[in-house]
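Chemist: Just need the structure, nothing else, for what follows:
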Amino acid sequence: MAASKHIAPDAFKLAHVAATEKEYIAAPALTFSQDAMRRLKQNKAAVISFWLLVIIFAAALLSLVITPHDPNAQNLNYTYLPPKWGDLNIPFFNGHENGIDMYARNQVPKGTYFLLGTDYLGRDLLSRILVGTRISLFIAVIATLFDLVVGVGYGIISGWNGGWIDTLMQRVIEIISSVPNLVVVILMLLVFKPGLKSIIVAIAVTSWITMARLIRAQTLKLKDQEFVLAAKTLGESSFQIALKHLVPNLSSTIIIQTMFTIPTAIFFEAFLSYIGIGLPAPTASLGTLLNDGQKALQTQPYLLIYPAIVIVVLMLAFNLLADGLRDAFDPRSAH
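Modeler: Residues are numbered from 1 along each chain as shown. Now for the predicted structure:
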């Protein structure tokens with residue numbers, strides 16, 4: 001048996017740590033929101049989507065003040081002009097079609113360009129896309145407001161009260177959700193003329209259902225938590241508890257569902273306008289632009305391609321940002 005090795009007592013030395021460093025925490029203390037934003041910034045797709053949406057929103061809002069051309073101005077001499085970016089001789093953006101300079105043939109004054117071309121009435125496609133995007137985003141904002149006001153309020157009231165009130169309110173939701181959105185829009189057309197008002201009313205009737213259900217489910221979990229019981233013991237009213245305690249704890253669900261509501265509303269408006277029961281002519285929307293573009297798809301494909309790119313980018317950006325927010329606010333959902 002090998003002789004045991006003896007370790008000298010001076011081999012062990014106590015570490016000398018300054019008193020100010022004994023309680024030092026290496027990682028910075030982060031609030032829930034700060035930690036969620038840190039995770040969100042690590043999601044490159046969500047960050048890129050966010051900045052794309054900022055650019056699109058800025059361009060759409062700017063169209064209230066200025067557009068390259070009047071979006072509704074018609075000039076039959078400018079019919080079906082291809083895209084032209086100034087004097088830059090870029091393929092597909094030089095104003096040529098089948099080797100013919102369409103701007104020279106149509107005697108378009110020098111210095112007049114249409115960056116994305118014109119439609120069958122000589123209207124500037126870029127200006128109409130900007131206006132159509134603004135209308136789609138306006139519809140999305142309206143849907144978001146109904147989600148936040150009606151959906152959140154309805155869900156909290158239903159989940160907080162429980163009992164027969166909850167049962168009655170859920171039966172109302174089931175009745176409303178059983179009616180397809182398209183049927184609701186058609187019924188609105190019997191009351192209102194086709195246009196923005198009928199779409200907004202249809203959204204007001206149906207858009208908040210999912211939000212209300214999610215908020216109700218979360219409220220049922222939260223109302224028996226200790227901090228809510230403590231607030232009740234201290235004599236706070238139900239409204240104060242909802243405002244101070246429930247809504248902050250429901251914020252992640254509200255933000256995530258809102259981000260999924262927006263692309264749904266944009267697609268809903270585009271679909272209605274595409275099939276002809278949305279916004280009437282000459283108002284531009286992404287749906288009407290897609291409808292006009294598919295009529296000339298074989299000869300002027302750009303009329304369909306550019307509005308389609310805008311709506312695809314909007315849908316993808318909102319959905320990718322929503323996925324990023326969901327993973328940031330609820331890390332368990334990412335696994």
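
Chemist: Quick one: residues contacting Asp147.
Modeler: By Cβ atoms under 8 Å, 6 or more residues apart in numbering, Asp147 lies in contact with Ser207, Trp208, Met211, Gln257, Thr258, Thr261. Where C-beta positions appear, they are placed from N, C-alpha and C, glycine not excepted.

Chemist: With secondary structure and distance to Phe92 added, can I get those residues in CSV?
Modeler: Converted to CSV, those look like this (DSSP: H, G, I helix; E, B strand; the rest coil; distance: Cβ to Cβ, whole Å):
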residue, secondary structure, distance to Phe92
Ser207, coil, 39
Trp208, coil, 44
Met211, helix, 43
Gln257, helix, 40
Thr258, helix, 38
Thr261, helix, 36
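
Chemist: Quick one: buried ones out of those?
Modeler: Buried residues within the contacts of Asp147, defined by neighbour count using 16 or more other Cβ atoms under 10 Å: Ser207, Trp208, Met211, Gln257, Thr258, Thr261.

Chemist: per-residue confidence for Gln300?
Modeler: The score at Gln300 is 86. That number is its pLDDT.

Chemist: same deal with the one 5 residues further on?
Modeler: Per-residue confidence at Ile305 stands at 90 (pLDDT).

Chemist: can I assume it sits in a helix?
Modeler: Yes - secondary structure of Ile305 (DSSP: H, G, I helix; E, B strand; the rest coil): part of a helix.

Chemist: Quick check: buried residues in stretch 216-224?
Modeler: Going by 16+ other Cβ under 10 Å, stretch 216-224 has these buried residues: Arg216, Gln218, Thr219, Leu222, Lys223.

Chemist: just the buried ones among the contacts of Asp147 now: which is nearest Lys84?
Modeler: Thr261 (38.6 Å; Cβ to Cβ).

Chemist: any idea how far that closest one is from Ile209?
Modeler: 10 Å (Cβ to Cβ, to the nearest Å).

Chemist: Neighbours of Leu320, how many?
Modeler: 21 (other Cβ atoms under 10 Å).

Chemist: so it is in which element?
Modeler: helix 302-329 (DSSP states H and E).

Chemist: And Phe268, by the same measure?
Modeler: Per DSSP H and E: helix 247-274 holds Phe268.

Chemist: Show me which residues of that helix are buried.
Modeler: 249-250, 252-254, 256-274.

Chemist: what pLDDT, on average, does it get?
Modeler: 84.

Chemist: what sits against Ile277?
Modeler: Taking Cβ under 8 Å, 6+ apart as the test, what Ile277 contacts is Val185, Ile186, Leu189, Pro194.

Chemist: May I ask which helix or strand encompasses the residue nearest to the third one when sequence neighbours are not counted?
Modeler: Beyond its immediate neighbours in the sequence, the residue positioned closest to Leu189 (Cβ to Cβ, 6 or more residues apart in numbering) is Ser198, lying 5.6 Å away. Under the assignment given by DSSP H and E, the secondary-structure element containing Ser198 is helix 196-206.

Chemist: ok, the residue nearest to Met37 when sequence neighbours are not counted to Ile90 distance?
Modeler: Nearest residue to Met37 in three dimensions, chain neighbours excluded: Ala328, at 7.1 Å (Cβ to Cβ, 6+ apart). Distance from Ala328 to Ile90, counting by Cβ to Cβ: 40 Å.

Chemist: quick one, which of these two is more surrounded?
Modeler: Neighbour totals were compared for Ala328 and Ile90, and Ala328 leads with 24 against 10 (other Cβ under 10 Å).

Chemist: that older thread, and the contacts of Ile277, which of them are buried?
Modeler: Buried among those (16+ other Cβ under 10 Å): Val185, Leu189, Pro194.

Chemist: How much space separates the second one from Asn181?
Modeler: It refers to Leu189. Relative to Asn181, and taking Cβ to Cβ, Leu189 is found at 13 Å.
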